[in-house]
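*Asks:* Dropping a prediction and its sequence here:
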Amino acid sequence: MKKFLVALLFAPLTALASEGVYLDHAPVNLGDNASLQRGAKMFTNYCLSCHSANYMRYNRLQDIGLTDKQIKDNLMFAAEKVGSRMTVAMRPDDAKKWLGAPPPDLTVIARSRTPDWLYTYLRSFYLDDTRPTGWNNTVFDKVGMPHVLWTLQGEQVLKKAGEDGSKPEFELVKPGKLTPAQYDAAVGDLVNYLTWMSEPAKMKRMEVGVYVLLFLGLFFVLTFFLKKEFWKDVH
């Protein structure tokens, strides 16, 4: 039974390894509101024009320390009310015509793909003349999505493809607005936000969980001594 539980726990990692894809560790810290706020800005500026987050509302960003005014002034470009859902104006039919397929909703993308996958994917685009968009990706081969963050990262070429799970090697041939370290940090913030967005109540749930465990521990002690009291005269 113990071996079964361990195998079940690491099943997602095994599935990723079986694909032969190297993944870097994402710097996720759901308690870092500054990082989450920077990630939210990245998301609304670079992702929300094509990808929706239909199960997320703007006013939920209050949980990461933003006021309604800050949300409306800095993060809302396609909605009128702070309580609106994060939708996109692009119609599915137009998206299919222009991009080949409607871009997926990103509300729970971090739960379906994992933060490590997203972090590596957003840093693994490279120039490829054989692709319609001019870009390819070592994590998602022949991906249809263009490299929307190329102005920040710059243009890189693939020097050595990763084989059997090894790390691929890239060469930056045209620098972007950010240095490689700054770009990695910006992507880390974006992935941190996507991870938070996939389950905004996680931190609160974990906090409540601590109190529940403390209550159960206290209740166990009381129950133990109560049992001893009830059974002390039974021989």
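*Replies:* Happy to help now that I have it.
*Asks:* give me the low-pLDDT residue ranges for the chain?
*Replies:* Along the chain, the model assigns pLDDT under 70 to residues 1-19, 78-79, 235.
*Asks:* now the longest helix belonging to the chain: how far from the chain's centre is it?
*Replies:* Counting residues, the longest helix found in the chain (DSSP state H) is helix 202-231. The chain centre lies 34 Å from the centre of helix 202-231; the measure is CA atoms, centre = their mean, to the nearest Å.
*Asks:* Any idea how many residues pack against the nearest residue to residue 46 once chain neighbours are set aside?
*Replies:* Spatial nearest neighbour of residue 46, chain neighbours left out: residue 148 (5.5 Å); criterion: CB to CB, 6 or more residues apart in numbering. No exception for glycine: its C-beta is placed from N, CA and C like everyone else's. Close neighbours of residue 148, defined as other CB atoms under 10 Å, add up to 16.
*Asks:* Any figure for the gap between residue 154 and residue 38?
*Replies:* Per CB to CB, to the nearest Å, residue 154 is found 20 Å from residue 38.
*Asks:* One more: residue 53?
*Replies:* Using CB to CB, residue 53 is found at 17 Å from residue 38.
*Asks:* who's more crowded, these two?
*Replies:* Set side by side, residue 53 and residue 38 show more neighbours around residue 53, with 23 against 18, by other CB under 10 Å.
*Asks:* and that one, how far is that from residue 61?
*Replies:* Taking CB to CB as the measure, residue 53 falls 11 Å from residue 61.
*Asks:* do residue 147 as well
*Replies:* 26 Å.
*Asks:* The two: who's more crowded?
*Replies:* residue 61 (26 against 22).
*Asks:* Helices of this protein, start to end?
*Replies:* Counting by DSSP H, the helices of the chain are 2-9, 11-18, 33-42, 68-74, 92-99, 109-113, 115-121, 150-153, 180-198, 202-231.
*Asks:* Relative to residue 85, tell me which of those helices wins on proximity.
*Replies:* Smallest distance to residue 85 across these (CB to CB): 12.2 Å, for helix 180-198.
*Asks:* buried sites along the closest one?
*Replies:* Residues of helix 180-198 classed as buried by neighbour count (16 or more other CB atoms under 10 Å): 183-184, 186-198.
*Asks:* What is that helix packed up against?
*Replies:* Helix 180-198 sits against helix 33-42, helix 109-113, helix 115-121, helix 150-153, with contacts defined as 3 or more CB pairs under 8 Å, 6 or more residues apart in numbering; DSSP states H and E.
*Asks:* Mind doing that once more with 6 Å?
*Replies:* With contacts taken as 3 or more CB pairs under 6 Å, 6 or more residues apart in numbering; DSSP states H and E, helix 180-198 sits against helix 33-42, helix 109-113, helix 115-121.
*Asks:* That's all I had, so thanks and see you.
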